[in-house]
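Novice: the amino acid sequence is not available; the structure is as follows:
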């Protein structure tokens with residue numbers, strides 16, 4: 001354990017050299033221990049929160065912490081295939097040893113697996129939603145302080161991002177949240193102590209159990225000792241409850257709570273060799289990937305029994321977790337982040353141009369959630385239906401009216417096919433007072449078809465938006481890009497995607513006329529895709545994309561990035577290795593959302609890391 005903690009400490013410095021932002025005040029005591037020192041002040045990011053020689057623990061005000069006062073729809077619980085397991089090439093079905101099985105650190109991989117294709121060893125800070133879920137499990141409350149944190153830094157559009165750090169702003173927000181959470185703790189329930197003459201024993205028992213839940217693994221003796229020092233500091237001259245609350249505050253501020261490790265057992269391993277995750281790391285990685293939350297008791301038991309060391313065991317655990325509400329929310333989040341529709345929450349419109357938008361925004365957001373939920377729980381769960389379904393689910397009849405339909409619940413929309421023709425997507429990828437063919441086109445080209453569309457800034461091109469002209473349609477105004485030799489190369493592709501959806505305005509409402517002229521949504525796509533051709537509108541294009549092998553492969557790429565928490569050049573080989581596992585699936589499963597996620601879980605890419 002000490003070896004692993006030392007490795008985590010070294011890795012923390014390597015990944016986040018501004019150590020003062022992590023090792024502030026209470027985190028020092030909780031994660032690495034402090035003996036008789038004083039820690040004063042809230043985190044400032046300057047590295048000044050260090051242990052001294054005093055013996056008091058104070059907050060920003062100089063005073064010790066006082067006594068002071070889903071929708072019910074479940075995803076499938078069985079695999080798309082009867083066995084729930086995916087066949088892996090090159091020995092991928094071989095049982096993999098858990099961490100600690102090899103004394104030297106390096107771990108044998110299944111035959112044919114190149115360790116250079118593995119994700120590098122790393123630590124990863126919890127995303128805001130993961131922080132909230134972790135707090136809720138730890139405190140058995142519904143508190144969601146992470147919703148008020150600075151937004152997650154994203155990679156490839158996904159909030160699961162191993163590059164996230166605890167910066168000055170986040171450190172202060174976490175510190176404040178920990179203070180509030182600990183102050184609200186019902187100590188009589190969380191740390192009961194019937195005999196106060198044995199309060200030290202009660203505190204030690206609480207630290208062992210609560211600390212293991214917070215860190216998602218047993219505490220080391222040094223960690224336990226450090227936290228008991230925190231307890232003593234809070235209890236001195238005050239009460240047992242004060243000491244317990246200070247321990248909770250320290251735990252939530254600590255690196256052990258805030259970060260997930262993927263370092264193995266800490267034993268030395270040669271550069272470029274494979275390192276197996278420990279059973280506790282496997283349980284945490286699987287739980288956060290599938291449910292956005294810490295592992296439950298069953299998953300930890302499975303991990304310790306070695307079940308998660310095999311693809312079949314991980315498949316069984318995956319399908320059990322998928323049946324939970326938290327897994328439903330996590331999968332929906334991934335799909336929405338892939339297409340960008342989750343950004344509807346921060347999308348606003350000009351009230352003059354779109355007076356109905358504000359009143360329908362919540363219904364639009366709910367539609368995408370309910371549509372994806374129903375697609376996975378009640379229908380095929382496949383990418384082709386996601387893009388081409390002739391139905392949706394709405395909770396507001398006014399949104400149905402926007403679509404030219406009536407009623408609520410599941411409604412048929414023969415003239416609106418799939419999620420790209422829904423109001424959430426069309427509103428996000430539009431401007432405040434008009435449609436956005438470039439925004440829509442770029443997003444679809446990059447995220448649905450995986451066509452490389454470079455940013456104009458990388459090409460040293462200064463983009464000048466076309467001027468408003470009440471005598472021209474949006475398409476007529478934006479077609480000017482394709483007449484510029486510098487822009488035409490990209491806009492021939494961008495415009496073919498974007499103009500196909502011009503029959504919808506900036507909030508997704510159908511229009512046949514604009515500026516006194518008929519709207520033209522017909523396009524000819526010549527982008528070298530397997531669905532190049534002529535299309536009358538966005539519905540026809542969506543149906544074609546739903547049948548595309550290129551689109552399915554693009555979807556798989558993004559699901560890898562959403563699962564790996566990384567999308568830079570360091571994992572290019574890993575992504576290609578994942579695709580080889582995914583391509584081994586039966587053709588009718590390659591477009592399935594859950595099966596694609598399971599493929600990552602069952603592969604060695606999930607269980608092993610590459611030593612730096």
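Specialist: Done, it's in. Predicted model only: the values in this text are computed from it and were never measured.
Novice: now residue 388. Nearest residue, chain neighbours left out?
Specialist: residue 546 (3.8 Å; C-beta to C-beta, 6 or more residues apart in numbering). Where you see a C-beta, it was placed from the backbone N, CA and C, and this is true even at glycine.
Novice: ok, residue 146 next?
Specialist: That would be residue 128: by C-beta to C-beta, 6+ apart, it lies 3.7 Å from residue 146.
Novice: against residue 160, how distant is the one you found?
Specialist: Residue 128 sits 11 Å away from residue 160 when distances are taken as C-beta to C-beta, to the nearest Å.
Novice: higher neighbour count, these two?
Specialist: residue 160 (27 against 21; other C-beta atoms under 10 Å).
Novice: who's in contact with the more buried one?
Specialist: 127, 289, 562-563, 565 (C-beta atoms under 8 Å, 6 or more residues apart in numbering).
Novice: same thing with residue 556?
Specialist: By C-beta under 8 Å, 6+ apart, the neighbours of residue 556 are 578-579, 582, 590, 596.
Novice: repeat that for residue 389.
Specialist: 371, 375, 379, 417-419.
Novice: okay but residue 294 is in contact with residue 284, surely?
Specialist: Yes. Counting by C-beta atoms under 8 Å, residue 284 is a contact partner of residue 294 at 6.8 Å.
Novice: give me the common contacts of the two.
Specialist: With C-beta under 8 Å, 6+ apart as the test, residue 294 and residue 284 both reach residue 216.
Novice: hang on, the earlier thing: for ChimeraX, what selects the buried ones among the contacts of residue 556?
Specialist: In ChimeraX syntax, the buried subset of these is picked out as below (16 or more other C-beta atoms under 10 Å):
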select :578,582,590,596
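Novice: tell me the two of the contacts of residue 556 that are most distant?
Specialist: Greatest spatial distance among those (C-beta to C-beta): 578 and 590, at 12.5 Å.
Novice: what about the residue nearest to residue 146, distance to residue 213?
Specialist: From residue 128 to residue 213 the distance is 20 Å (C-beta to C-beta).
Novice: and residue 141, by the same measure?
Specialist: In terms of C-beta to C-beta, residue 141 sits 14 Å off from residue 213.
Novice: of the contacts of residue 389 - the most surrounded one?
Specialist: Highest neighbour count within the contacts of residue 389: residue 418, with 27 neighbours (other C-beta under 10 Å).
Novice: contacting residues around the closest residue to that residue other than its chain neighbours?
Specialist: With sequence-adjacent residues excluded and distances taken as C-beta to C-beta, 6+ apart, residue 418 is closest to residue 387, at 4.2 Å. Taking C-beta under 8 Å, 6+ apart, we find residue 387 in contact with 417-420, 448, 542-543, 545-546, 551.
Novice: one more time with 6 Å, if that's ok
Specialist: Taking C-beta atoms under 6 Å, 6 or more residues apart in numbering, we find residue 387 in contact with 418, 542, 545-546.
Novice: could you say which helix or strand holds residue 302?
Specialist: Using DSSP states H and E, residue 302 falls within helix 297-304.
Novice: and the host helix or strand of residue 176, how far out from the chain middle?
Specialist: Element membership for residue 176, per DSSP H and E: helix 168-184. Per C-alpha atoms, centre = their mean, to the nearest Å, the displacement of helix 168-184 from the mean C-alpha position of its chain is 22 Å.
Novice: could you list every helix and strand in contact with it?
Specialist: helix 240-253 (3 or more C-beta pairs under 6 Å, 6 or more residues apart in numbering; DSSP states H and E).
Novice: quick one on the thing from earlier: residue 149 is in contact with the residue nearest to residue 146, correct?
Specialist: Yes. The pair residue 128 and residue 149 passes the contact test of C-beta atoms under 6 Å, sitting 5.0 Å apart.
Novice: joint contacts of these two?
Specialist: Joint contacts of residue 128 and residue 149 (C-beta under 6 Å, 6+ apart) do not exist.
Novice: now the residue nearest to residue 388: how far from residue 111?
Specialist: From residue 546 to residue 111 the distance is 37 Å (C-beta to C-beta).
Novice: now residue 338
Specialist: In terms of C-beta to C-beta, residue 338 sits 33 Å off from residue 111.
Novice: these two: who's more crowded?
Specialist: residue 338 (22 against 9).
Novice: check which helix or strand covers the more buried one.
Specialist: helix 325-339.
Novice: residue ranges with poor pLDDT in this protein?
Specialist: Applying pLDDT under 70 to the chain flags the ranges 1-107.
Novice: so for it, which residue is the most central one in space?
Specialist: Ranked by distance to the mean C-alpha position of the chain (C-alpha atoms, centre = their mean), the top residue is residue 160 at 3.3 Å.
Novice: shouldn't residue 397 be in contact with residue 408?
Specialist: Yes. Applying C-beta under 6 Å, one finds residue 397 in contact with residue 408, separated by 5.3 Å.
Novice: that older thread, A helix includes the residue nearest to residue 418, no?
Specialist: Yes. Assessed with DSSP: H, G, I helix; E, B strand; the rest coil, residue 387 lies in a helix.
Novice: could you check how far the nearest residue to residue 173 once chain neighbours are set aside is from residue 358?
Specialist: Of all residues not flanking residue 173 in the chain, residue 149 sits nearest, at 4.8 Å (C-beta to C-beta, 6+ apart). Using C-beta to C-beta, residue 149 is found at 26 Å from residue 358.
Novice: kindly report the same for residue 387.
Specialist: Residue 387 is 28 Å from residue 358, by C-beta to C-beta.
Novice: what about residue 206, neighbour count?
Specialist: Neighbours around residue 206, by other C-beta under 10 Å: 23.
Novice: from what I can see it touches residue 193, true?
Specialist: No. Counting by C-beta under 6 Å, residue 206 sits too far from residue 193 to count as a contact (8.3 Å).
Novice: quick check: buried residues in the top helix by length along the chain?
Specialist: The longest helix of the chain (DSSP state H) is helix 357-378. For helix 357-378, the neighbour count (16+ other C-beta under 10 Å) marks 357, 360-361, 363-376 as buried.
Novice: elements contacting that helix?
Specialist: Using 3+ C-beta pairs under 6 Å, 6+ apart, helix 357-378 is in contact with helix 325-339, strand 391-394, helix 423-428.
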